[in-house]
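J.: Next comes the sequence, and after it the predicted model I'd like to discuss.
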Amino acid sequence: MCELVPAPGYSPLFVYLSYSGVLKPVLKRQFISVLRARLRAAKVTQYHLFRGHSFRRGGTSWVFSAGLPGELIQVFGDWRSDAYKSYLDISMALKLRVAQGMVRSLGPSFLST
């Protein structure tokens with residue numbers, strides 16, 4: 001899917017080698033254009049709905065579901081506020097597990113009333 005381009009450690013994460021032999025950063029519009037073309041080629045019917053924001057939201061939810069603490073999500077995602085929390089897609093299984101834990105913490109006397 002990706003080709004390895006040797007680049008110095010201070011380079012942006014996504015770079016390409018220009019025709020003149022210079023490393024250039026991949027711009028957001030370039031990335032989205034290629035992404036949509038690949039999705040269209042893969043017969044994804046709503047390819048036009050994918051944007052860069054899709055990855056920010058999806059990545060935030062993915063690392064949260066993997067157990068990364070919120071503080072690290074905020075730091076590594078360059079979030080300056082707690083706004084990342086509004087992007088979390090919390091699964092029903094996790095919601096049920098939290099609710100069950102809350103009920104258990106109330107103890108047996110609460111369940112018998």
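T.: Happy to help now that I have it. Numbering: from 1, shown residues only.
J.: Just list what whichever strand or helix holds Lys24 packs against, helices and strands only.
T.: Using DSSP states H and E, Lys24 sits in strand 23-25. Counting contacts by 3 or more CB pairs under 8 Å, 6 or more residues apart in numbering; DSSP states H and E, strand 23-25 packs against strand 15-17. Every residue, glycine included, has its C-beta placed from N, CA and C.
J.: Identify the residues contacting the strand it packs on?
T.: Residues from elsewhere that reach strand 15-17, judged by CB atoms under 8 Å, 6 or more residues apart in numbering: 5, 7, 23-26.
J.: Make a markdown table out of the residues you listed and add distance to Val63, pLDDT and neighbour count.
T.: As requested, those are exported to a markdown table (distance: CB to CB, whole Å; pLDDT from 0 to 100; neighbours: other CB atoms under 10 Å):
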| residue | distance to Val63 | pLDDT | neighbour count |
| --- | --- | --- | --- |
| Val5 | 25 | 69 | 11 |
| Ala7 | 24 | 78 | 14 |
| Leu23 | 28 | 89 | 14 |
| Lys24 | 28 | 90 | 13 |
| Pro25 | 23 | 90 | 12 |
| Val26 | 22 | 89 | 13 |
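J.: follow-up on the earlier one: what is the subsequent helix or strand relative to the strand holding Lys24?
T.: Trace forward from strand 23-25 with DSSP H and E and the next one is helix 28-41.
J.: tell me which residues of that following helix are tucked away?
T.: 32, 35-36, 39 (16 or more other CB atoms under 10 Å).
J.: Stretch 45-59 too?
T.: Going by 16+ other CB under 10 Å, stretch 45-59 has these buried residues: Arg57.
J.: Extract the C-alpha set from it and format it as CSV.
T.: Below are the C-alpha coordinates for stretch 45-59, written out as CSV (Å, rounded to 0.1, in the frame of the first residue of the first chain):
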residue,chain,number,x,y,z
THR,A,45,-20.3,3.8,-3.0
GLN,A,46,-20.0,6.8,-0.7
TYR,A,47,-16.3,7.4,-1.3
HIS,A,48,-16.9,11.2,-1.6
LEU,A,49,-17.9,11.3,2.1
PHE,A,50,-14.4,10.5,3.4
ARG,A,51,-12.4,13.4,4.6
GLY,A,52,-9.2,13.9,6.7
HIS,A,53,-11.5,14.4,9.7
SER,A,54,-12.7,10.8,9.3
PHE,A,55,-9.2,9.7,10.3
ARG,A,56,-9.0,12.0,13.3
ARG,A,57,-12.3,10.8,14.6
GLY,A,58,-11.7,7.1,13.8
GLY,A,59,-8.2,7.2,15.2
